[in-house]
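Enquirer: just to be clear, the model below is a prediction. Sequence and coordinates:
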Amino acid sequence: MKKIEEIDIGDLRQAIKALNDSGLHPEGKMKAIGVKQNLIEEFTRRFDDIPEDVEMPKLAVEFYEDIYADELEDEDEKEEKTDEADKTADETDGAEVGPLSGEVEDETDVDMVDQEEETDELETDPIDDEDDPEGDEKLLIETKDEPETGHYDKKTILQVIKHLQPAVDQHVLFTPEDIVAYNGEICMKYPYFTDMNCAINITDLYKTLSKFPADTFQMSFDKVKNEMQITAPGVRAGYVSSPQINLIDSLEEVIDDADKINWKKLPSDFLHGVALVHFAASKSTLFGTSTCIYVNGDEIVATDRTRISHYKMSGNMGEFFVRADHIKHLEKLEPTGFGLTSNWAHFQNDHFVTVSFRLMQGEFPEYEDLIDYSLSDSIKLTKAFENMIKVAQTMSKRDSRQKIYLSVDDGKITCKASNDRGWITTDTAVDYKGDAFTFIIDPTFLLEAMKSGVTGMGLVSENALALEAENFKHIIALLAEKSS
């Protein structure tokens, strides 16, 4: 456990915000951490007003000790803390924390004996509605023996399910603190308090909630019937938990192995590099590492043996292979940290949402000589060229893939595309006097590359063409003959 003086105010503010962003209904929030909603909101309001560079206020220390530290301490530490608390109980009784300064003010005008008697009376007498207008105290008493039930927000649950979709294999796993999706290749973990352990068919649950008439609902798990139950005025539903609940035990390395993950800061341009490079990877799983992006130190590389993309990052990430069509899902996560274990690459954002990708094993072709070149007869990619590509793209999709044919001849570039329903040809003038050549390219990639700074292309050999931008190179094998 961190010492109090080592706690970072930014990290603590982030933890509080993550709790408030968890999507739990106010009643669920109170159940999850055992404090009233208005206290959570007060803590958040105060921390948002505290500059990053100020000394840790007493308010933050008490919040850390009361709510978070207990989760991190072992039993010996808790016993020591309890003993210390008993010794200092008389000294702290009756004190209150100032708004931001953390100063303690003595309530000298309060009769301590009367205060103790009043406390005893509250413990035995029924709770008066006037003293508890929001029903907070009643809720805690009524639900303290029902740990597997709570109130939840429909919109947030639907958003979480949609976010987890790339990793879903029919079911999602509800654990007490997370919702997890796992399909054998991708694991996504979204922090969310439910106090349940079950595996629910995601299609059934999503369809029901999409048509659900209420914005909030009660959700619980009936152990006898082995089903998750959701309830709202006029609606009740139950979903049988699948035997795939056993998957939770098999995912120790992926979701419960946080101590083994050495989290590091993700290079700020990693996602940008992935966006540019992943187009060059093969779509066929028969080609092993050709379906992957290869991270090699500060390089991101991908190739399907007819083209290769290379990006130079601002930081070093080690060496590993990840399927390109998997890792592209990182874009919406906006990760800031990463870590590697023996079989997985883990990524996490500032809200502690984690995505893990199974690593592939193998070797990568030698590529150093391919990217060591200088362009000759560079062709400038103008706005007219970009518009030509966009027009051809309208007919480029065939068998779920996009491709266009580009032919470069004396003073002109011709672009052709076709599918089962038709074809299109367009051209534009270009300042080029070199040898004629023809190549195939994904129009989506070409437009994305131009957005990222690619403004020219040129021959690097009689068999290859290159596109270039800052820190990025893409080399394409040329066709033996012009497209007819």
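Expert: Good, I have the coordinates. Numbers count the residues shown, from 1 in each chain.

Enquirer: in the protein, where is pLDDT below threshold?
Expert: Flagging of the chain using pLDDT under 70 yields the residue ranges 1-150, 244-250, 252-253, 255-259, 376, 480-484.

Enquirer: try 80 this time
Expert: Counting by pLDDT under 80, the ranges of the chain that qualify are 1-150, 243-259, 285-287, 375-377, 398-400, 479-484.

Enquirer: in the sheet, who's paired with the nearest residue to Gln218 once chain neighbours are set aside?
Expert: Counting by CB to CB, 6 or more residues apart in numbering, Gln218 lies nearest to Thr231, which is 4.6 Å off, once chain neighbours are set aside. Placement of C-beta: from N, CA and C, glycine included. The residues paired with Thr231 through beta bridges, assigned by DSSP bridges, are Gln218, Arg236.

Enquirer: and His171, by the same measure?
Expert: Under the criterion used (DSSP bridges), His171 bridges to Asp169, Asn201.

Enquirer: how about Trp344?
Expert: Taking DSSP bridges as the rule, Trp344 bridges to Arg358.

Enquirer: just Tyr294 next, same as before
Expert: For Tyr294, the residues forming beta bridges with it (DSSP bridges) are Val301, Phe321.

Enquirer: so how far is Met188 from it?
Expert: 23 Å (CB to CB, to the nearest Å).

Enquirer: can you check Gln402 too?
Expert: Taking CB to CB as the measure, Gln402 and Met188 are separated by 27 Å.

Enquirer: how about Asn197?
Expert: 18 Å.

Enquirer: more crowded one of these two?
Expert: The residue with more neighbours, out of Asn197 and Met188 and counting by other CB atoms under 10 Å, is Met188; that gives 26 against 15.

Enquirer: just the element for the more buried one, please.
Expert: With the criterion set as DSSP states H and E, the secondary-structure element containing Met188 is strand 186-191.

Enquirer: cool, Leu271 as well?
Expert: Under DSSP H and E, the secondary-structure element containing Leu271 is helix 270-277.

Enquirer: what about the spatially closest residue to Ser396 that is not a sequence neighbour, neighbour count?
Expert: Spatially, and ignoring its direct neighbours in sequence, Ser396 is nearest to Ala417 (4.1 Å; CB to CB, 6+ apart). A total of 23 residues lie near Ala417 under the criterion other CB under 10 Å.

Enquirer: just Phe347 next, same as before
Expert: Residues lying near Phe347 (other CB under 10 Å) number 24.

Enquirer: now do the one 3 residues further on
Expert: Neighbours of Asp350 under the rule other CB under 10 Å: 12.

Enquirer: that one should be in a helix, yeah?
Expert: No: the secondary structure assignment for Asp350 gives coil rather than a helix, going by DSSP: H, G, I helix; E, B strand; the rest coil.

Enquirer: wait, isn't it in contact with Thr336?
Expert: Yes: contact criterion CB atoms under 8 Å: Asp350 and Thr336 qualify, at 5.6 Å.

Enquirer: picking that back up, so what touches the strand holding Met188?
Expert: Surrounding strand 186-191, the residues in contact under the criterion CB atoms under 8 Å, 6 or more residues apart in numbering are 18, 22, 160, 163-164, 166-167, 177-182, 251, 254-255, 326, 329, 344, 351-358.
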